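Visitor: Fold the following, please.
(2 chains)
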Amino acid sequence: MSARSSFRPIPRGECKILLAAVPAPHEGLPLNGTRLEMEEITHIVPALGRLSIPLEEDVLHHSKNGVYAKTVLEKLPEASILHLACHGKQDHNSPLNSGFIMRDETLTISKILPLNLQHAFLAFLSACETAQGDANNPNQTIHLAAAMMFTGFKSIVATMWYV
Amino acid sequence: MSDEDGPLVSRTVYEELYKGVEPFLDPETVPYALDDAVRKLRARGLTPERWAPYIHIGI
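Guide: Predicted coordinates:
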């Protein structure tokens, strides 16, 4: 992989972060603590450095349900950093159909791949546990994290839940 | 991992990444910052299932 050679340093003032949380996914268990997590990030990242999303989808504006898949797809090309707080979902038959469970549908790797993510640097995949609470699936997060490398992100932090 | 650990880990990573005044953000800080965050969780005497589930891949 040529992540290091293709990486361009990001000027601090141009670094945009997309904060996407899904406290109430259309399938799977609700996620607690996403608003607190996002609030903590806003104490560190300047407001100008945050990409805006519709208020109705923004946990920082008390959205109960969170972000739609299409909002992430729309905003991602502008983002240097993606912070995603949601469940992950693995499709064993079709790995590119694995992805992240948003408010309305699964945001699959296949939908992210065609995007031109010129600014993509860091993806922080937080609380990506399996939707069904399947204890036999600890590798899922590694697969999703690796798949995100193919979409253009150079650095991935991910959490693996052991349910 | 539990619900209160996530905020600590992401806070530590972003604090390290955004720290300082250099004009460019340094990707090298990310894995070290994650390591710092995990050490903090360990220092609280937490059991491994609370601090083990964090990975970093990439640059």
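Visitor: helix or strand right after the helix or strand of chain B with the lowest mean pLDDT?
Guide: Here the helix or strand of chain B ranked lowest by mean pLDDT, DSSP states H and E is helix B:48-51, holding a mean of 67. Toward the C-terminus, helix B:48-51 is succeeded by strand B:54-58 as the next helix or strand (DSSP states H and E).
Visitor: Do that following strand and chain A come into contact?
Guide: Yes. Applying C-beta under 8 Å from any C-beta of the partner chain, one finds strand B:54-58 in contact with chain A at B:54-58. Heads up, the C-betas are built off the backbone N, CA and C, glycines and all.
Visitor: residue boundaries of the strands in chain B?
Guide: B:24-25, B:54-58 (DSSP state E).
Visitor: Just list what the longest one packs against, helices and strands only.
Guide: Right, the one you point to is strand B:54-58. helix A:140-151, strand A:155-159, helix B:29-43 (3 or more C-beta pairs under 8 Å, 6 or more residues apart in numbering or on different chains; DSSP states H and E).
Visitor: so residue A:39 sits in a helix?
Guide: Yes. Per DSSP: H, G, I helix; E, B strand; the rest coil, residue A:39 lies within a helix segment.
Visitor: Make sure residue A:17 is actually in contact with residue A:81.
Guide: Yes. The criterion here is C-beta atoms under 8 Å, and residue A:17 meets it with residue A:81 at 4.1 Å.
Visitor: what's stretch A:94-113 in contact with?
Guide: A:20, A:22, A:24-28, A:57, A:65-69, A:72-73, A:76, A:84, A:86-91, A:125, A:128, A:131, A:140, A:143-144, A:147-148, A:150-151 (C-beta atoms under 8 Å, 6 or more residues apart in numbering or on different chains).
Visitor: picking that back up, can you say which of the helices and strands packed on strand B:54-58 is nearest to residue A:11?
Guide: helix B:29-43 (15.7 Å; C-beta to C-beta).
Visitor: that older thread, present the strands of chain B as CSV; the columns should include mean pLDDT and mean neighbour count.
Guide: Putting those into CSV (pLDDT from 0 to 100; neighbours: other C-beta atoms under 10 Å in any protein chain shown) gives the following:
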stretch, mean pLDDT, mean neighbour count
strand B:24-25, 90, 17
strand B:54-58, 88, 19
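Visitor: Report whether stretch A:14-30 contacts chain B.
Guide: Yes. Judged by C-beta under 8 Å from any C-beta, stretch A:14-30 comes into contact with chain B at residue A:15.
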